[in-house]
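Chemist: Sequence first, then the predicted structure:
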Amino acid sequence: MLGFFERHRLIKKGLASSKLRRRRTDNEIMQALETGVWPKCAIFAGFIVGLGAIIFQDVQSQPAMNFLIALLIFFTALAQLWINHPDTFAKNSRLLLMFGAFLVHLTIIKVILVIWGHSQYGILLIPYALAPLICSVLLGKNQGLYAAIFVSLWGSVIVRDVIEDRAKFLVMSLICGFIAVFVTLQVRRRSRLIRAGVFVGLATWILALPLGLIPIDFGQFPMFDWKTIGLESLAAVGSGIFTAMLVGGALPLLESIFKITTDISWLELADLNHPLLKRMTIEAPGTYHHSLVVANLAEAAAEAVGANPTMCRVGAYFHDIGKLVKPEYFTENMSADHNPHHELAPTMSALIIIAHVKEGVDLALKHNLNQEIIDVIQQHHGTTIVLYFYKRALQQQEDARQGGKIMNIREEDIPEVRDESFRYSGPRPQSRECGIISLADTIESASRSLEKVTPQKIDQLINDLIQKRIEDHQLDDCNLTLREIRLIAESFKFTLRSMLHSRIAYPTDASATKEVQKVVSQETNSPPVSAA
């Protein structure tokens, strides 16, 4: 409160700005909710209560036994999740999404069985792919397979007294769930979800025939009950398609609630008509071209190591948007006859260069870019040093020291050069994608200084820059292995060689005329005619 009044007093005196910089702060409450033990226990307890409510909803022969079996399956699922998916287990929002999808899936099964349980339509209308599709698209293929297995096991407990042969349900649920995950390994368009629904529907229909869920008596051919067969076939195929449509419609809402960006959304963000990118083409064209090249480098490298190439491309587009604030202070946007840094002290130049990260975060927040892009903006320089201005400051310090000896200036009167003043505030890259973009950014910038480009020079440049990043511990937190770094380097080399290859020097009109006359003179043994 006192700080507010003090700032208001300074604004009146003209000693402070009335505008507040947008700041990205970690909310302690949200952090506790995301990683805390008690929220995690609450999610698990809520799922158990919901599961019990589904099982005890109606009178069964042995509801307590069914609940005990479901509880044992739950503890098995918990152990499996903790061992094989530690990243998902650590984030409560992911757990809420996953177990929430399980509970919705099982609830729909129960509702369908209550309405159509004793008819063939019941087992055909079950949305076998619902939870596997949600988990596969939003969390990944491994989580999708995990969902397919355990909702099938829990579902077999729920249908125990409604469907005579639980093995039929289990087989159909597992196979349809696996097919849904397999078809959605890479979903870049919403139409892929509909295709997945069609495949799941066809799989349900094909499995229903040999399992006797669509009874066809070939002894009565061709006097089949075509109406019943048609309706049951429509139920089987339509259930899969409707499930995919439901998931596709819910995706934007789920992405927004759980702060997850799918490949579909990444492709939408890759639109170069975004207002920030359009501004960059006009106000900072050099930075815009640099970002496009970094995007190509990062995307190819991500594909080489199995990272997310679409995220790398989009992150590279936006990683330098902070340069829009003072574009003329960056090399790629400078005019040939004026360098504004010649008029500034090295510390001030470094401050302007470093500030483009904070300015980029500010613009990203203002334009509601998602968290992954903000992370790329904030982490792509890590805690590296602005080497050019640091060396320039050291040189000025040495010059002042040498001049001080002549003018008898004391050593303590010479300004100290601290490397902290020339370092980015970080943090260092925290994900594989951020690490790849960070390397692509520095390599693209350095490649502009190459003269007489050769494959050997490109290889040496890339090897040296990556080695320096490793020695500076800039890649310690991004989970890139040495093998993956080697593959990334090879990808960079291939892409840069393609971009920076030399071209044939085509002759001018005059030189071409001389070459033609020379050939003619050699064939006719006559002297060449002057091309004056």
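Modeler: Looks like it came in fine. Numbers count the residues shown, from 1 in each chain.

Chemist: And the helices in the stretch 251-400 of the chain?
Modeler: Assigned by DSSP state H, counting those that start in this stretch, the stretch 251-400 of the chain shows helices spanning 263-269, 275-283, 285-305, 309-318, 346-366, 371-379, 387-407.

Chemist: Which of those has the lowest mean pLDDT?
Modeler: Between the helices of the stretch 251-400 of the chain, the lowest average pLDDT goes to helix 387-407, which shows a mean of 76.

Chemist: That helix vs helix 346-366, what angle?
Modeler: 150 degrees (axes from the mean of the first three to the mean of the last three C-alpha atoms, to 10 degrees).

Chemist: Between helix 371-379 and whichever helix or strand comes after helix 387-407, find me the angle.
Modeler: Downstream of helix 387-407, the first helix or strand assigned by DSSP states H and E is helix 432-447. Helix 432-447 and helix 371-379 are oriented at 40 degrees to each other (the same axes, to 10 degrees).

Chemist: Contacts only, for residue 316.
Modeler: Applying C-beta atoms under 8 Å, 6 or more residues apart in numbering, one finds that residue 316 lies in contact with 291, 294-295, 297-299, 376, 437, 440-441. C-betas here are computed from N, CA, C, even on glycine.

Chemist: gap between it and residue 332?
Modeler: Applying C-beta to C-beta, to the nearest Å, the value for residue 316 to residue 332 is 15 Å.

Chemist: just to revisit the earlier point, most tightly packed of the helices of the stretch 251-400 of the chain?
Modeler: helix 309-318 (a mean of 26; mean count of other C-beta atoms under 10 Å).

Chemist: I'd like the distance from it to the chain centre, please.
Modeler: Centroid separation for helix 309-318 versus its chain: 8 Å, with C-alpha atoms, centre = their mean, to the nearest Å.

Chemist: okay if I get the helices of the stretch 251-400 of the chain as JSON lines plus distance to residue 135?
Modeler: Below are the helices of the stretch 251-400 of the chain laid out as JSON lines (distance: least, C-beta to C-beta, whole Å):
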{"stretch": "helix 263-269", "distance to residue 135": "15"}
{"stretch": "helix 275-283", "distance to residue 135": "33"}
{"stretch": "helix 285-305", "distance to residue 135": "23"}
{"stretch": "helix 309-318", "distance to residue 135": "19"}
{"stretch": "helix 346-366", "distance to residue 135": "29"}
{"stretch": "helix 371-379", "distance to residue 135": "19"}
{"stretch": "helix 387-407", "distance to residue 135": "45"}
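
Chemist: Those helices: which one's closest to residue 197?
Modeler: Evaluated over these, closeness to residue 197 peaks at helix 263-269, with 15.3 Å, by C-beta to C-beta.

Chemist: what packs against the closest one?
Modeler: Applying 3 or more C-beta pairs under 8 Å, 6 or more residues apart in numbering; DSSP states H and E, one finds that helix 263-269 contacts helix 309-318.

Chemist: For residue 233, state which of the contacts of residue 316 is nearest.
Modeler: Closest approach between the contacts of residue 316 and residue 233, by C-beta to C-beta: residue 299, at 43.1 Å.

Chemist: Isn't the closest one up against residue 309?
Modeler: Yes - taking C-beta atoms under 8 Å as the definition, residue 299 is a contact partner of residue 309 at 4.5 Å.

Chemist: what's the following helix or strand after the helix or strand hosting residue 50?
Modeler: Following DSSP H and E, one finds residue 50 within helix 37-55. Later in the chain than helix 37-55, the nearest helix or strand by DSSP H and E is helix 63-84.

Chemist: what helices or strands is that following helix leaning on?
Modeler: helix 37-55, helix 86-90, helix 141-158.

Chemist: can you put those in TSV and add mean neighbour count, distance to residue 449 and mean pLDDT?
Modeler: Shown next, in TSV, are those (neighbours: other C-beta atoms under 10 Å; distance: least, C-beta to C-beta, whole Å; pLDDT from 0 to 100):
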stretch	mean neighbour count	distance to residue 449	mean pLDDT
helix 37-55	15	51	94
helix 86-90	14	39	92
helix 141-158	22	42	93
